[in-house]
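Q: Sequence and computational prediction follow.
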Amino acid sequence: MIKIDSEKRKEYKIQPPPQHTVFEYGRGNIADYMQKKGVLLQEKYRKKSEEERVESRVQEELDFYIHEEACEKMFHHCREMALTEKEAMGFLIGDVKYWNKTYAVVYEVATASLEASPVYVRFHREAFEELFDRLDEIDYEYVLVGWYHSHLGYSSFMSVIDIETQKKYFNQPFHAALVIDPILGEMKAFRLSENECVEIPYAIFR
């Protein structure tokens, strides 16, 4: 399912990063952007969690881009699941390219049946057949560039369990994790770097 197994520059398409950005993390308020998209929920949907937060340093260099349509699909998925008091989760589908440095682009997202609660989420046992069917519908040579999941009003961070998931399934240098909170209006992106959790900036483009 992962089309790139190692970081080899010659395999990457040489292409400038997306230019038509509508939001760049650190230069705007993602809550305002989510509000405009109509995906924020009221405080009454907020839950408490005892998840152990993993501290992360912050990367300054931008190398992660998300297409606006894919972003909206994630927002609405997280909102719909939060309305039922459950976390959401899915895959980030896109490509890895090179322009002075490598960067990842999310063009699409994919999800399937979930086992979820206000503080827990994983794919249902039968979900992977659904996922593969949806991935087969993608008509370009895609790369699995990461995953996303939601938190219900206890902010966007990587927990110890999230880091274990990242290390096990998303351990390539370009793999990212998006954590979306549709109640507090947060979305943060993370990667592993030398086994350390790093928060990375992102841009949304159209």
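A: Structure's in. What do you need?
Q: so what pLDDT did residue 49 get?
A: Per-residue pLDDT puts residue 49 at 90.
Q: wait, it sits on residue 156?
A: No. Here residue 49 does not reach residue 156: they are 11.9 Å apart, not a contact under C-beta atoms under 8 Å. Where you see a C-beta, it was placed from the backbone N, CA and C, and this is true even at glycine.
Q: Now do the contacts for the spatially most central residue of the chain.
A: The C-alpha lying nearest the average C-alpha coordinate of the chain belongs to residue 178 (C-alpha atoms, centre = their mean; 2.8 Å). Shown in contact with residue 178 (C-beta atoms under 8 Å, 6 or more residues apart in numbering): 66, 74, 92, 146-149, 187-190, 202.
Q: Would you mind measuring from residue 163 to residue 66?
A: Counting by C-beta to C-beta, to the nearest Å, the separation of residue 163 from residue 66 is 21 Å.
Q: ok, longest helix in this protein?
A: Taking DSSP state H as the criterion, the chain has its longest helix at helix 68-83.
Q: If you count neighbours, what's buried in the lowest-mean-pLDDT helix or strand in the chain?
A: Using mean pLDDT, DSSP states H and E, helix 127-136 stands out as the lowest-scoring helix or strand of the chain, at a mean of 81. Residues of helix 127-136 classed as buried by neighbour count (16 or more other C-beta atoms under 10 Å): 127, 131, 134.
Q: What is the longest helix of the chain packed up against?
A: Contacts defined by 3 or more C-beta pairs under 8 Å, 6 or more residues apart in numbering; DSSP states H and E place helix 68-83 against strand 89-98, strand 102-110, strand 143-150, strand 176-181, strand 203-205.
Q: tell me the mean pLDDT for the helix or strand just after the second one?
A: Read that as strand 102-110. On the C-terminal side of strand 102-110, the nearest following helix or strand under DSSP states H and E is strand 114-117. Averaged over strand 114-117, pLDDT sits at 94.
Q: Now tell me what touches strand 114-117 from outside.
A: Under the contact criterion C-beta under 8 Å, 6+ apart, strand 114-117 has outside partners 81, 85-89, 121-124, 127.
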